[in-house]
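In: got a predicted structure here, sequence first:
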Amino acid sequence: MNAIIPPLAVNGPTITIRRFPEKAFGPEELVRIESLSQPMVEFLKTCVLAKKNMVIAGGTGTGKTTILNMLSGFIPNGERIVTVEDTAELRLQQEHIVRLESRPSNIEGQGAISIRDLVKNSLRMRPDRIVVGECRGGEALDMLQAMNTGHDGSLTTIHANSPRDAFTRLETLCMMAGMDLPVWALREQIRSAIHIVVQLSRLQDGTRKVTCITEVTGRTDDTIQTQDLYRFVQDSVDKDGHVRGHFEATGAEPSFINDLRAKGLALDPKLFMKGTQ
């Protein structure tokens, strides 16, 4: 809940309430409402089991927390998970969960505990996975360093309108940490830490969809190289204003496909055939 009063609210006192469902959406429900396709679910589940680091990107209200909840549900029950959130929204069902929540300052401006403080502290708690509800400040750098130092399979969300924008925003957030790092070093951290970006969008009819699943494949001097594995293609808008479209594979296989096979997580090659829905 957010409340704001005059003189800041010109039209009078305003209350905004974001109410989450009592039961988190599972993959079957998300497929039923066409937020993503079954092949996409199977691929993302395998990535979680294989401990690939993932970033869920999207604008406000696109369903990032919903997808993060779904992905966290694939984490094996025996692993120790530490969640770090600004407001506790995640609903994980595993046994070994440590939930951390930031704290604002008091009326005297003292006592604030930031997300970054909690991310640093979580590294002392022997986590198998770290789940950060949202990176919105200098904690992005600590999250990347955690991903690069053995905390594989970590998950987080970020506000961005495309995978490319997500990398740019990550660079900006890392600079907010106050570390005087060159841009090439930040990009190398991002390239090394992040394997998959799941991009969400809220379409013109209000529906929320995973519009693309993108793999990080490398880095040049100037840019981080990527390839799309799945995407949503909008075909038309009907007379009632509903968006019509379909999900499809791009035909590209993930570069870590052999790593999946080595871990006993081989995927059917048909999942990546161009046009697979």
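Out: All right, it came through fine. Remember, it's a predicted structure, so these values are computed and weren't measured experimentally.

In: what distance do you get for Asp240 to Phe232?
Out: Taking C-beta to C-beta, to the nearest Å as the measure, Asp240 falls 19 Å from Phe232. C-beta here means a position set from N, CA and C on the backbone, and glycine is covered the same way.

In: so the two - more neighbours on which side?
Out: Neighbours per residue (other C-beta atoms under 10 Å) separate Asp240 from Phe232, with Phe232 holding more: 23 against 6.

In: distance from the chain centre to the longest strand seen in the chain, please.
Out: Longest strand of the chain, by residue count under DSSP state E: strand 224-237. Distance of strand 224-237 from the chain centroid (C-alpha atoms, centre = their mean, to the nearest Å) equals 17 Å.

In: the next helix or strand after that strand pairs with which strands, parallel or anti?
Out: On the C-terminal side of strand 224-237, the closest following helix or strand by DSSP states H and E is strand 243-249. Using DSSP bridges, the strands paired with strand 243-249 are strand 224-237 (antiparallel).

In: quick check: mean pLDDT of the partner strand?
Out: Across strand 224-237, pLDDT averages out at 91.

In: in that strand, what's buried?
Out: Of the residues in strand 224-237, those with enough neighbours to count as buried (16 or more other C-beta atoms under 10 Å) are 224, 226, 228-232.

In: going by distance to Glu101, which of those wins?
Out: Ile224 (31.5 Å; C-beta to C-beta).

In: tell me the contacts of the closest one?
Out: 167, 187, 190-191, 216, 218 (C-beta atoms under 8 Å, 6 or more residues apart in numbering).

In: redo those as a markdown table? Include distance to Leu260 and neighbour count.
Out: Shown next, in a markdown table, are these (distance: C-beta to C-beta, whole Å; neighbours: other C-beta atoms under 10 Å):
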| residue | distance to Leu260 | neighbour count |
| --- | --- | --- |
| Phe167 | 24 | 25 |
| Arg187 | 26 | 20 |
| Ile190 | 22 | 22 |
| Arg191 | 20 | 19 |
| Val216 | 16 | 22 |
| Gly218 | 18 | 11 |
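
In: which of those fall within helices?
Out: Those of those mapping onto helices are 167, 187, 190-191, per DSSP state H.

In: what's the burial count for Lys51?
Out: Lys51: 16 surrounding residues under other C-beta under 10 Å.

In: doesn't it fall inside a strand?
Out: No - checked against DSSP: H, G, I helix; E, B strand; the rest coil, Lys51 lies outside a strand; its state is coil.

In: wait, what's in contact with it?
Out: Counting by C-beta under 8 Å, 6+ apart, Lys51 touches 129, 152-153.

In: report the separation between the closest residue to Thr16 other than its chain neighbours and Asp152.
Out: Excluding the flanking residues, the one nearest Thr16 by C-beta to C-beta, 6 or more residues apart in numbering is Asn2, at 4.5 Å. Applying C-beta to C-beta, the value for Asn2 to Asp152 is 35 Å.

In: more crowded one of the two?
Out: Neighbours were counted for Asn2 and for Asp152 using other C-beta under 10 Å; Asp152 has more, 16 against 8.

In: there's contact between that one and Asn53 in this structure, I believe.
Out: Yes - with contact defined as C-beta atoms under 8 Å, Asp152 counts as touching Asn53 (6.4 Å).

In: where do the strands sit along the stretch 1-150 of the chain?
Out: Assigned by DSSP state E, counting those that start in this stretch, the stretch 1-150 of the chain shows strands spanning 2-4, 14-16, 54-58, 81-85, 97-101, 129-132.

In: for Arg32, find the nearest of the ones you listed.
Out: strand 54-58 (20.0 Å).

In: quick one: secondary structure of the residue lying closest to Val183 once chain neighbours are set aside?
Out: Counting by C-beta to C-beta, 6+ apart, the nearest residue to Val183 once its immediate chain neighbours are dropped is Glu171, at 6.7 Å. Three-state assignment for Glu171 (three-state DSSP): helix.

In: from memory Glu171 sits against Glu188, does it?
Out: No - with contact defined as C-beta under 8 Å, Glu171 does not count as touching Glu188 (11.2 Å).
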